[in-house]
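**Student:** any chance you can model this:
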Amino acid sequence: MATRATVGLRPKDHDHHHCISDAIARAEMLCQRNCARLTENRRRVLELVWQSHAPVGAYEVLEMLRKDGIRAAPPTVYRALEFLLEHGLVHRIETRNAFVGCPQPGLAHAAQYLLCDGCGDAVEIEIGGLARRIETRAAELGFAVATQTIEARGLCSRCQQSAPAGA
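**Tutor:** Coordinates of the predicted model:
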């Protein structure tokens, strides 16, 4: 298996500006295809979620909007995040009560995440067949799975290198 050089959880040659512009373009196409309105507010909230790969909370989004001079209230942000969740444009990181952009919107999938406790970065990974195996085992036990989010916490390569010896 070939590996790529990474910084933290991202390839060294990662250009984050492409993440944001690609996310907005995918959101526009998905909303158009589904006859859903990607309002200016929803678009701006999506941009703010994609500002970094670290999960962002609703009140952090609210603060960023206010710093941009936008007068918004918590319900406005929560409604926008709910819309983005419903359309698969973001995922909720349950353990952090925060949100990250989905790199595969419109594709039904169970989210599996690596979460760095050092820098806060998060990366969505896909482990082939894991979601299906969980659903199969749950069905064998008479359990109906509603949602699946798997979150593995630890330290990314950058934070491991900067951690004090013996930590």
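**Student:** any regions of the chain where pLDDT drops low?
**Tutor:** In the predicted model of the chain, residues 1-17, 165-167 satisfy pLDDT under 70.
**Student:** mind listing what Y59 touches?
**Tutor:** 74, 77 (Cβ atoms under 8 Å, 6 or more residues apart in numbering). Yep, even glycine has a C-beta here, placed from its N, CA and C like the rest.
**Student:** phi, psi for L89 please.
**Tutor:** With angles defined as degrees, to the nearest 10, L89 sits at phi -90, psi -20.
**Student:** which helices and strands does the strand or helix carrying E151 pack with?
**Tutor:** E151 belongs to strand 149-154 when assigned by DSSP states H and E. Packing partners of strand 149-154 (3 or more Cβ pairs under 8 Å, 6 or more residues apart in numbering; DSSP states H and E): strand 90-93, strand 111-116.
**Student:** can you list those strands in TSV and add distance to Y59 and mean neighbour count?
**Tutor:** TSV is the format used below for the helices and strands packed on strand 149-154 (distance: least, Cβ to Cβ, whole Å; neighbours: other Cβ atoms under 10 Å):
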stretch	distance to Y59	mean neighbour count
strand 90-93	14	22
strand 111-116	19	20
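**Student:** will you turn those strands into TSV that also has distance to D68?
**Tutor:** Shown next, in TSV, are those (distance: least, Cβ to Cβ, whole Å):
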stretch	distance to D68
strand 90-93	19
strand 111-116	27
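**Student:** of all the ones you listed, which one comes closest to R71?
**Tutor:** strand 90-93 (22.8 Å; Cβ to Cβ).
**Student:** what residues does stretch 148-159 touch?
**Tutor:** By Cβ under 8 Å, 6+ apart, stretch 148-159 touches 6-9, 91-95, 110-119, 121, 130-131, 134-135, 163.
**Student:** how about a cut-off of 7 Å?
**Tutor:** Residues from elsewhere that reach stretch 148-159 (Cβ atoms under 7 Å, 6 or more residues apart in numbering): 6-9, 93-95, 110-119, 121, 131, 134, 163.
**Student:** list the contacts of the residue nearest the centre of the chain.
**Tutor:** In the chain, the residue lying closest to the centroid (Cα atoms, centre = their mean) is V100, at 2.3 Å. Contact analysis of V100 by Cβ under 7 Å, 6+ apart lists 49, 53, 55, 90-91, 93, 122.
**Student:** just put those residues in CSV and tack on distance to Q32.
**Tutor:** Compiled in CSV, the contacts of V100 are given as follows (distance: Cβ to Cβ, whole Å):
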residue, distance to Q32
V49, 20
H53, 26
P55, 27
V90, 18
H91, 22
I93, 28
A122, 28
